[in-house]
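A.B. asks: Whatever this is, show me its structure:
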Amino acid sequence: MPELPEVENLRIGLEREIKGQKILSAEVRLPKLVSGTGNKRKASGAKAAEFIKGVVGKKIIEIDRRAKNLIFKLSDGSAILVHLKMSGQFVYKSSKRGATVEGGHFPNHAKGGQIEISRSTLPNKHSHIIFKLSNGTLFYNDTRTFGYLIYYKNLSTLYASETLKNLGPEPLGKEFTLEHFESALKSKKKNLKSALLGQEIVVGLGNIYVDEVCFISGVNPSRITNTLKAYEIKRIHDAIKKILPHAIKLGGSSVATYMLLDESRGNFAREHKVYGKAGNPCVNCQRPLLKKTLAGRSTVYCKNCQK
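C.D. replies: Coordinates of the predicted model:
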């Protein structure tokens, strides 16, 4: 699942390409994806019809991000909430580049998306939602179909939704203060990895960046949060504030088949210190990195350097 740096880079790419364009038509081939946010969703034809009616004819005035969610803000004050989950992908093809849209084979300069699947022929069997825009076509592809695009009539309803209402502060925002972070961690009694993955204390961190933050701060991800010392919490806070902007600048972490919207790959993966490196020597002490399962996720750490 893409984390904050990957979603932020996709947001930047999408806004560059489609901001200001009008949605001329929308085709929902898999109603499940617009019918709800839970893992077990029942397809609703009524929701699909509401989605199409709500978005068609509106301009995309801004693409925002909240945690790992994208928010397409539309000209009438309504919005589309997007979560890519495991395999969601946006592919944009500009009509200005002269390629045929309908079932055609696109040349290499066609825009790629979040996951590298079926980039050449569009639409394909994974193209579940198709937006015809004033200057091109935006495809939402999803192989595992866990992602969702939900229409909200206004932003107040969106931000009060179950998806967004209990989220913690943005790690790069002014509200992510050391005081808030320390108080939130101290109020919990769970391992550090679980706390950081939970999205209530701070948003946007997933398996990759939690492992990296814990390593850089020198704290074992198994530590129970209410046992952390003030200086350890400050190191974790500092690591989050340092790693995420740097990862965004480098385009995020291209692991598996992740790609940016322009078909380039994020380069932060080259700077991973622990993620995916179990058994390799620690960059600090040269002892083998260990792996365990925390919060249901594979976790890599250095027993010697992280206390």
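A.B. asks: Only C-alpha atoms from now on, for both contacts and neighbour counts.
C.D. replies: OK.
A.B. asks: any idea how far residue 166 is from the nearest residue to residue 233 once chain neighbours are set aside?
C.D. replies: Leaving out its chain neighbours, the residue that sits closest to residue 233 by C-alpha to C-alpha, 6 or more residues apart in numbering is residue 182, at 6.3 Å. Per C-alpha to C-alpha, to the nearest Å, residue 182 is found 18 Å from residue 166.
A.B. asks: more crowded one of the two?
C.D. replies: Using other C-alpha atoms under 10 Å, the more surrounded residue of residue 182 and residue 166 is residue 182, with 22 against 13.
A.B. asks: Assess the claim that that one and residue 231 are in contact.
C.D. replies: No - contact criterion C-alpha atoms under 8 Å: residue 182 and residue 231 do not qualify, at 10.0 Å.
A.B. asks: ok, so what distance separates the residue nearest to residue 233 from residue 243?
C.D. replies: Distance, residue 182 to residue 243, by C-alpha to C-alpha: 19 Å.
A.B. asks: What segments of the stretch 151-300 of the chain are strands?
C.D. replies: All strands of the stretch 151-300 of the chain, identified by DSSP state E, counting those that start in this stretch, fall at 290-294, 297-301.
A.B. asks: residue boundaries of the helices in the stretch 201-307 of the chain?
C.D. replies: Residue ranges of the helices in the stretch 201-307 of the chain, as given by DSSP state H, counting those that start in this stretch, are 207-217, 230-249.
A.B. asks: rewinding a little: how much space separates the residue nearest to residue 233 from residue 158?
C.D. replies: 29 Å.
A.B. asks: now swap in residue 135 and tell me
C.D. replies: Taking C-alpha to C-alpha as the measure, residue 135 falls 28 Å from residue 158.
A.B. asks: Please apply the same query to residue 19.
C.D. replies: Between residue 19 and residue 158 the computed distance is 20 Å (C-alpha to C-alpha).
A.B. asks: who's more crowded, the two?
C.D. replies: Ranked by neighbour count (other C-alpha under 10 Å), residue 19 and residue 158 place residue 158 first, with 20 against 17.
A.B. asks: Go ahead and confirm that one touches residue 152.
C.D. replies: Yes - using C-alpha under 8 Å, residue 158 makes contact with residue 152 at a distance of 5.8 Å.
A.B. asks: what do the two both touch?
C.D. replies: Contact criterion C-alpha atoms under 8 Å, 6 or more residues apart in numbering; residues shared by residue 158 and residue 152: 79, 81.
A.B. asks: Residue 152: what's it in contact with?
C.D. replies: 78-81, 158.
A.B. asks: got it, and residue 203?
C.D. replies: Neighbour list for residue 203: 67-68, 167-171, 196-197 [criterion: C-alpha under 8 Å, 6+ apart].
A.B. asks: can you check residue 220 too?
C.D. replies: Residue 220 neighbours (C-alpha under 8 Å, 6+ apart): 192, 214, 301-303, 306-307.
A.B. asks: ok so, going back, looking at the contacts of residue 152, which is nearest residue 248?
C.D. replies: Nearest to residue 248 among those is residue 81, at 21.3 Å by C-alpha to C-alpha.
A.B. asks: any idea whether the closest one is helix, strand or coil?
C.D. replies: Using DSSP: H, G, I helix; E, B strand; the rest coil, the structure places residue 81 in strand.
A.B. asks: and it, bridged to which residues?
C.D. replies: As for beta bridges, residue 81 partners with residue 71, residue 150 under DSSP bridges.
A.B. asks: you'd agree it is up against residue 68?
C.D. replies: No - in this structure residue 81 lies outside contact range of residue 68 using C-alpha under 8 Å: 10.6 Å.
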